[in-house]
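A.B. asks: whatever this is, show me its structure:
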Amino acid sequence: MTRIIHFAVQFVIIGLAVAFLLVWLRPELLPAGRQQAASPATSYADAVNRTARSVVSVYTRTMVTEPLGPEFSDPLFNRLYRDRTVTRPRRGLGSGVIISSDGLVLTTQHVISDVDDILVALWDGRVADASVVGSDPATDLALLRVNLDDLPVASLAEDDDLRTGDVVLAIGNAFGLSHTVTMGIVSATSRGHLSLASTEDFIQTDAAINAGNSGGALINPDGEVVGINSASMGQETGAQGISFAIPASVVRRVTEQIIEYGRVTRGWMGAELTDVSLRLATAETLQPGARVSQVHRDSPAWKAGLQRGDVLISAGGQQVRSARELMQRIAGTEPGSELELEVLRGNQVFTTSVELIQQPPPQG
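C.D. replies: You can find the predicted model right below:
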């Protein structure tokens, strides 16, 4: 019996010694160690350093002509100069992201729209004139070129796998303060119906996006660009922490087409759609659809016989889940393609086909 107790004590002592040695060599094996290893990052400096060098400041100048008379408070001077004009420069600012080492810079379309001159300021202090390669008002994206080589290039995220609650950082030329970094989370994805662009699929974030941030990078903790900062709701509307960015997948698709074609090819059938739910005789539950609210004259939808009030049930053999989803699907289809539609009009269901054309530029 004594021998057994002696053996057990030796076994326990050896076990404790082995455990002590393992913990000394691998402290993360302890629960407290694991909790410490899994704790949130306390700094995102590595992510910022990876991307900041590829973010540029964009400065624009537009010469505008204004009447000279209203500048004078004296009625006599107003009468003397009322027919005279003065030309002054109007300056603007924004941000951009370098996407190729030979000088391609991505920014937002509203930053460079209708301007006379564009200057790009780099991380290292160099300044270069920029020319517009192409733009896409439907997504508020534009591509610039500067005559510089061996530039640092941002890494675009491969997938739109952002989730609500993920940490993101915005880098840009906020109020002319170059490479300002703000932090927030993803508040929502696939935001639409914002009247910011005709083709909307925005990331919503509470990271501060101020004047001058438009066109800058929205990055994840790995330093990958997950979006291009586009707009924010101002405090004058009562909003706080509501900003929007264009997802990397949209950025990649639009950029590739601008480089290849000089513009973005986008299908269009010429009908405005709204969401609707309906119950068909063949279905037990409510089914989503897209109601036609307007048909543009002489458009493919007009020629296919679609009328206001028609409800689109399926398109191309796929059920319509929402008006926005269908319009995005149409926009992503090559112009010239034929799309078969299943339509509900009154109590009758019929099929028709539309031949999509290139989406015309936004009006106004």
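A.B. asks: tell me the centre residue of this structure?
C.D. replies: Nearest to the mean C-alpha position of the chain, by CA atoms, centre = their mean, lies residue 246 at 0.4 Å.
A.B. asks: could you pull up phi and psi at residue 49?
C.D. replies: Residue 49 adopts backbone torsions of phi -60, psi -30, taken as degrees, to the nearest 10.
A.B. asks: give me the number of residues near it?
C.D. replies: Using other CB atoms under 10 Å, residue 49 is surrounded by 10 other residues. Yep, even glycine has a C-beta here, placed from its N, CA and C like the rest.
A.B. asks: hang on, isn't the residue nearest to the centre of the chain packed against residue 231?
C.D. replies: No - if you go by CB atoms under 8 Å, residue 246 and residue 231 don't touch, sitting 9.7 Å apart.
A.B. asks: measure the nearest residue to residue 184 once chain neighbours are set aside to residue 342 for me?
C.D. replies: Distances taken as CB to CB, 6 or more residues apart in numbering place residue 207 nearest to residue 184, at 3.2 Å, with adjacent residues excluded. Distance of residue 207 to residue 342, computed by CB to CB, to the nearest Å: 43 Å.
A.B. asks: before we move on, what about residue 300?
C.D. replies: Taken as CB to CB, the span from residue 300 to residue 342 is 16 Å.
A.B. asks: quick one: which of the two has more around it?
C.D. replies: residue 300 (23 against 18).
A.B. asks: what's the closest non-adjacent residue to the more buried one?
C.D. replies: Distances taken as CB to CB, 6+ apart put residue 354 closest to residue 300, at 4.3 Å, once the chain neighbours are dropped.
A.B. asks: can you get me a residue count around the one you found?
C.D. replies: 25.
A.B. asks: returning to what we had before: run through the bridge partners of the residue nearest to the centre of the chain.
C.D. replies: Taking DSSP bridges as the rule, residue 246 bridges to residue 228.
A.B. asks: ok now do it, which residues does it touch?
C.D. replies: 108, 139-141, 201-203, 227-228, 230 (CB atoms under 8 Å, 6 or more residues apart in numbering).
A.B. asks: residue 100 now?
C.D. replies: 151, 153.
A.B. asks: may I have the phi/psi pair for it?
C.D. replies: When quoted as degrees, to the nearest 10, the phi and psi of residue 100 stand at phi -150, psi 150.
A.B. asks: pLDDT score assigned to it?
C.D. replies: Note for residue 100: predicted pLDDT of 95.
A.B. asks: do you know how far it is from residue 133?
C.D. replies: Shown here: residue 100 relative to residue 133, a distance of 11 Å by CB to CB.
A.B. asks: looking at it, residue 165 is touching residue 188, isn't it?
C.D. replies: No - using CB under 8 Å, residue 165 is not in contact with residue 188, being 10.2 Å away.
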